[in-house]
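>>> here is a sequence together with a model predicted from it:
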Amino acid sequence: MTLSELCRTLPLEQALALDASFYTDPAWLGHEQRQVFGRSWQLAAHAGDLRDSGDHVVCEVAGKPILITRATDGQLHAMFNVCRHRAGPVATCSGKGARALQCAYHGWTYQLDGQLRAAPEMQRAQAFSPADIRLPPVRVQEWQGLIFVALDDHTPPFADVFKDIRERIAPIDLSAMRFAKRDSYRLDCNWKVYVDNFLEGYHLPYVHPGLSKVLDYRVYDTELHDWYSLQHSPLRNNDGLYGDGNAYYYFIYPNIMLNITPGRLQTNRILPAGHDQCVVEFDYYYTDDPEVQARIAAEQAFSDEIQAEDIAICQQVQRGLASGSYQGGRLNPKRESGVWHFQNLLRQAYARHE
């Protein structure tokens, strides 16, 4: 099939899953870094990491080295962590309370907003002025205690991507929750396999019998928006795991998940680690409510159980995709609309391939 045929979108009632080649051909990963991760808002840090002046975070976004700082005026700045001299690292690790940042290669020193302040022994360089040199800036946005960056000017406005989420989950305030821990998993599957799996409840009765008892599958629903989807369900029979209320499972294109239950936020970042491997980072945040604190251990053990089930099935799916026997199958219109929505956004990105 031609690329245009593989990228053709169909109505949900006629939809096919994405072709297996997008999961198994290593040539697509570079394109995804540029056209998917490089043109989207990426979760990079938590506000708690950048609370005070001089706090800074070193991270990688779409395969690029990025530095985020809190300046003396309280403003956030994001920039490429690449010295303008000879591409050394301006900061080699995250830290607190720095007055300036000095490149580890030749000592060029930058202010917290990315402006070059000093360059050792450059007196003989003609037409050279530190005032003319600044680290290339990157768009940065703080939202509900989470910090996002976007590398490309073609990335949609942040307000459009996250439209109405804050209002939908009110009165929950995610910024009031404190970081508890991070769990990281390395899976033998393409990053999209894990995302596809997250985006549908169709597999709940078969892969997650324990979770299926806690969520009401009869009214488990998926809502589609421009740049995200929401799966939600009332909680029931959870024996103190989550408390009373609703579960909200947000997916923000292309690789961010916000799992919200009463008193808890779990963020997931899905990062490619090769065409057939990915890293899944789970960050847990909780309110200080004593009832919430009392159920953390049981809730995290339950989450570990669910994650083990997801890892097993995703790795098996990757082997099926790589078997050479699979072509994109029909999607379930009732249960897999989130998969259809995600894969259509990907098809738009793949269609830009040169």
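That came through, no problem. Residues are numbered from 1 along each chain as shown.
>>> what residues sit buried inside stretch 17-34?
Judged by neighbour count using 16 or more other CB atoms under 10 Å, the buried positions of stretch 17-34 are 17, 18, 19, 20, 22, 23, 24, 28, 29, 31, 32, 34. Glycine gets a C-beta too; all of them are placed from N, C-alpha and C.
>>> ditto for stretch 339-354
339, 340, 341, 342, 343, 344, 345, 346, 347, 349, 350.
>>> my read: the second one touches residue 331, true?
Yes. Residue 340 sits in contact with residue 331 when judged by CB atoms under 8 Å, with a separation of 5.4 Å.
>>> residue contacts, the closest residue to residue 176 other than its chain neighbours?
Excluding its sequence neighbours, the residue lying closest to residue 176 (CB to CB, 6 or more residues apart in numbering) is residue 287, at 6.2 Å. Neighbour list for residue 287: 176, 177, 178, 263, 264 [criterion: CB atoms under 8 Å, 6 or more residues apart in numbering].
>>> hang on, the earlier thing: which neighbours do residue 340 and residue 331 share?
Counting by CB under 8 Å, 6+ apart, the contacts common to residue 340 and residue 331 are 12, 15.
>>> just the helices in this protein please.
3-6, 21-24, 27-35, 158-161, 165-169, 191-198, 204-207, 209-214, 290-294, 296-321, 337-350 (DSSP state H).
>>> if we can go back for a sec, tell me the buried residues within the contacts of residue 287.
Buried subset of those (neighbour count, 16+ other CB under 10 Å): 177, 263, 264.
>>> can you pull up the most central residue in the protein?
residue 256 (3.1 Å; CA atoms, centre = their mean).
>>> bridging residues for it?
residue 252, residue 269 (DSSP bridges).
>>> now swap in residue 278 and tell me
Legend: beta-bridge partners of residue 278 under DSSP bridges are residue 187, residue 272.
>>> next up, the contacts around it.
Contacts of residue 278 (CB under 8 Å, 6+ apart): 186, 187, 189, 190, 191, 193, 194, 270, 271, 272.
>>> most neighbours among these, which one is it?
residue 190 (30 neighbours; other CB atoms under 10 Å).
>>> tell me, how many neighbours does the residue nearest to residue 95 when sequence neighbours are not counted end up with?
Leaving aside its chain neighbours, residue 95 sits nearest to residue 56 (5.7 Å; criterion: CB to CB, 6+ apart). For residue 56, the count of nearby residues is 24 (other CB under 10 Å).
>>> how about residue 197?
By other CB under 10 Å, neighbour count at residue 197 equals 18.
>>> tell me the pLDDT of it.
Residue 197 is assigned 98 on the pLDDT scale.
>>> do the same with the one 4 residues further on
For residue 201, the model assigns a pLDDT of 95.
>>> which of the buried ones among the contacts of residue 287 lies closest to residue 242?
Distance to residue 242 across these (CB to CB) is lowest for residue 264, with 7.4 Å.
>>> distance-wise, check residue 207 relative to residue 249.
15 Å (CB to CB, to the nearest Å).
>>> of the two, who's got more company?
residue 249 (23 against 16).
>>> which residue packs closest to that one, ignoring adjacent ones?
Residue 249 sits nearest to residue 231 (CB to CB, 6+ apart), 4.2 Å away.
>>> check residue 230 too.
Leaving out its chain neighbours, the residue that sits closest to residue 230 by CB to CB, 6+ apart is residue 223, at 4.5 Å.
>>> including distance to residue 201, could the buried ones among the contacts of residue 287 go into a markdown table?
Formatted as a markdown table, these follow (distance: CB to CB, whole Å):
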| residue | distance to residue 201 |
| --- | --- |
| 177 | 25 |
| 263 | 23 |
| 264 | 19 |
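>>> who are the contact partners of residue 346?
Residue 346 touches 18, 22, 36, 192, 254, counting by CB under 8 Å, 6+ apart.
>>> just the pLDDT for the residue lying closest to the first one once chain neighbours are set aside.
Spelled out, it's residue 18. Spatial nearest neighbour of residue 18, chain neighbours left out: residue 343 (4.6 Å); criterion: CB to CB, 6+ apart. On pLDDT, residue 343 comes in at 98.
>>> can you pull the contacts of residue 343?
For residue 343, the contact set (CB under 8 Å, 6+ apart) comprises 17, 18, 196.
>>> how much space between it and residue 9?
Using CB to CB, we find residue 343 at a distance of 9 Å from residue 9.
>>> just residue 75 next, same as before
Note on residue 75: its distance to residue 9, by CB to CB, is 40 Å.
>>> name the residue in these two with the higher neighbour count.
When residue 75 and residue 9 are compared for neighbours, residue 9 comes out ahead with 15 against 12, by other CB under 10 Å.
>>> need the contact list for residue 90.
Counting by CB under 8 Å, 6+ apart, the residues that residue 90 touches are 67, 81, 82, 83, 101, 102, 103, 108, 110, 135.
>>> for these, which one is nearest residue 1?
residue 82 (39.6 Å).
>>> distance check, that closest one against residue 67.
For residue 82, the distance to residue 67 - CB to CB - is 9 Å.
>>> shared neighbours, the two?
90, 135.
>>> for the two, indicate the residue with more neighbours.
residue 67 (24 against 18).
>>> gap between the more buried one and residue 351?
Applying CB to CB to residue 67 and residue 351 gives a distance of 33 Å.
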